[in-house]
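Colleague: build me a model from this:
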Amino acid sequence: VSFVIWGNDQWPVATFLGGTPILLVLLATWGCAVAMIVARIRRSVFGMVLPLALTSWALWPSPMATPDPNQPSLNVVTWNMEDVRGDEEAKLRWLASLDADLIFLQETASDSGESLHPRIGAALPMHCFFGSYDRGVYVRGRVIEDKSKQTAIPHHRRDVPMALVETRLGRMQVGTLHLVHGMDPRWILRRLNVWERLTVGQDWREKQLDTALEQLEPETAPIILAGDFNLQPFGAQNRKLAARFQDAGRINELRGTWKDAVSLFRIDRIWASRELVVTSRESFRRPDSDHHAIVATFQFRK
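Modeller: As a prediction, the model looks like this:
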């Protein structure tokens, strides 16, 4: 159980086993273990300190700054559209209604494999686009330099759209990521090697993430990375991001963003440079996608 929660970003294991019971069992197990250790010296109630502390951390919201009316704001959206299933026009109208400055999208291909970017671009006429057929970024401003890269990942088209863009807050380095998950049931049936599939999935995610981070130049402009990261909160790759950026889309750690999974963990995130502050954030659950859309507003730190 501990391996599932902490171990090397293997989020599909937590998904298939069920994140909610795993978390509850983990907390209960640690509480009982500590209680048994201290029972001979103190009352067993002290064994609940650790699980209560972990639960408090998970439920504690990230801080937000008070908006400054004299400063410009940057509205950011990230959303995995789930291959544009459902009512495509309703999705596009909803995206346009958000009036966002940066829109990070993943899984933007139709059921037939056709890219929906021409239609998305028509619904967002004030935005410039960079990216690929099934992921990309729409910018209310202009794209100064496209830094997108391809990653050599078998069986997947997992490029890394990155660019230096001009926004109402000035120049920004932005990119969207859709890290490959660790389990494809169809490939497992063909290969019959579950452990190898989980292991190489982790390696592919690390390759994608490193490709993105190599393109960033913190001294050039503030950075915003957003997308479907498919990472556990305590995994090594998520900790690598947390060491460099703030988790701007965090309402609390138990507000999951993949609604079809039992897991409580967030896999859709917005990472931003620390010179930016979050003045608002919201999670939207829509019936036409299996992912929540995350919306956040930024200003420069005073």
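Colleague: drop to CA atoms for contacts and neighbour counts, all remaining ones
Modeller: Will do.
Colleague: strands along this structure, start to end?
Modeller: In the chain, the strands defined using DSSP state E lie at 74-80, 102-106, 128-132, 135-139, 142-146, 162-167, 170-178, 223-228, 246-247, 268-272, 276-284, 293-300.
Colleague: packing partners for the shortest one?
Modeller: The elements that strand 246-247 packs onto, with contact taken as 3 or more CA pairs under 8 Å, 6 or more residues apart in numbering; DSSP states H and E, are strand 268-272.
Colleague: let's go with 10 Å and repeat that
Modeller: Packing partners of strand 246-247 (3 or more CA pairs under 10 Å, 6 or more residues apart in numbering; DSSP states H and E): strand 223-228, strand 268-272, strand 276-284.
Colleague: save the ones you listed as JSON lines, and put in mean pLDDT, distance to Arg140 and mean neighbour count too.
Modeller: Below are the helices and strands packed on strand 246-247 laid out as JSON lines (pLDDT from 0 to 100; distance: least, CA to CA, whole Å; neighbours: other CA atoms under 10 Å):
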{"stretch": "strand 223-228", "mean pLDDT": "94", "distance to Arg140": "15", "mean neighbour count": "25"}
{"stretch": "strand 268-272", "mean pLDDT": "93", "distance to Arg140": "18", "mean neighbour count": "24"}
{"stretch": "strand 276-284", "mean pLDDT": "92", "distance to Arg140": "18", "mean neighbour count": "19"}
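Colleague: next, format those strands as JSON lines and append distance to Asn80.
Modeller: JSON lines is the format used below for the helices and strands packed on strand 246-247 (distance: least, CA to CA, whole Å):
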{"stretch": "strand 223-228", "distance to Asn80": "7"}
{"stretch": "strand 268-272", "distance to Asn80": "8"}
{"stretch": "strand 276-284", "distance to Asn80": "12"}
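Colleague: nearest to Ser148, out of those strands?
Modeller: Smallest distance to Ser148 across the helices and strands packed on strand 246-247 (CA to CA): 12.9 Å, for strand 223-228.
Colleague: got the angle between the closest one and strand 268-272?
Modeller: Counting by axes from the mean of the first three to the mean of the last three CA atoms, to 10 degrees, strand 223-228 lies at 180 degrees to strand 268-272.
Colleague: can I get strand 223-228 as CSV, trimmed to CA atoms?
Modeller: Provided in CSV are the C-alpha atoms of strand 223-228 (Å, rounded to 0.1, in the frame of the first residue of the first chain):
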residue,chain,number,x,y,z
ILE,A,223,7.1,30.1,-16.5
ILE,A,224,3.7,28.4,-16.6
LEU,A,225,3.4,24.7,-17.3
ALA,A,226,0.0,23.1,-17.3
GLY,A,227,-1.7,19.9,-18.4
ASP,A,228,-2.4,16.3,-17.6
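Colleague: what helices and strands are in contact with that strand?
Modeller: If contacts are counted by 3+ CA pairs under 10 Å, 6+ apart, strand 223-228 sits against strand 74-80, strand 102-106, strand 135-139, strand 162-167, strand 170-178, strand 246-247, strand 268-272, strand 293-300.
Colleague: of those strands, which is nearest Lys149?
Modeller: Proximity to Lys149, assessed across the helices and strands packed on strand 223-228 by CA to CA, is greatest for strand 162-167 (7.5 Å).
Colleague: name every strand pairing with the closest one and say which way it goes.
Modeller: Strand pairing for strand 162-167, using DSSP bridges, gives strand 142-146 (antiparallel), strand 170-178 (antiparallel).
Colleague: I appreciate the help and will end here.
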